[in-house]
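Visitor: got a structure for you, letters missing:
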């Protein structure tokens, strides 16, 4: 099984890229994380719906090969680290590659959200997309450490 982070956006700050790389490096070979950067649609005079529709096409093209789609959205289920670990453990037991989708500045197309197997949120706070990517990488590593009883995560 592999985890894919499909993120609309590019040109991450160096500190975000290094942070993500560190957590990705820590993942075991049997559960790698791959990051796929999706080019954001140029804003220009396009409506929000046009922007989302164009990004949806790019996201859907990148979703091939993933059997599970999890969308990150501010209206998604709020999970604790232990709940995310339980979700990760279920995904690992069920098998199949999992895509975690981070939308662009305007979010994710409603039709793509409807296709998702699950919708979760990282925080009730509004996060810059680069920071959301870094937090997601860290939380996936942390969730795996819970599943494997590794001391990285300390509860209490």
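Guide: Looks like it arrived, so ask away. Bear in mind that the values here come from a model prediction, so they are computed numbers and not experimental data.

Visitor: Just the strands from the protein, written as ranges.
Guide: 3-8, 33-38, 68-78, 98-102, 118-121 (DSSP state E).

Visitor: Mind putting those strands into TSV with distance to residue 53 and mean neighbour count?
Guide: Where C-beta positions appear, they are placed from N, C-alpha and C, glycine not excepted. Converted to TSV, these look like this (distance: least, CB to CB, whole Å; neighbours: other CB atoms under 10 Å):
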stretch	distance to residue 53	mean neighbour count
strand 3-8	13	24
strand 33-38	13	17
strand 68-78	16	18
strand 98-102	15	24
strand 118-121	19	17
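
Visitor: Mind putting those into a markdown table with mean pLDDT and distance to residue 89?
Guide: Shown next, in a markdown table, are the strands of the chain (pLDDT from 0 to 100; distance: least, CB to CB, whole Å):
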| stretch | mean pLDDT | distance to residue 89 |
| --- | --- | --- |
| strand 3-8 | 97 | 13 |
| strand 33-38 | 95 | 16 |
| strand 68-78 | 95 | 14 |
| strand 98-102 | 98 | 12 |
| strand 118-121 | 96 | 14 |
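
Visitor: show me what contacts the residue lying farthest from the centre of the chain?
Guide: The centre of the chain is farthest from one residue, residue 45, which by CA atoms, centre = their mean lies 28.5 Å away. Going by CB atoms under 8 Å, 6 or more residues apart in numbering, residue 45 touches no other residue.
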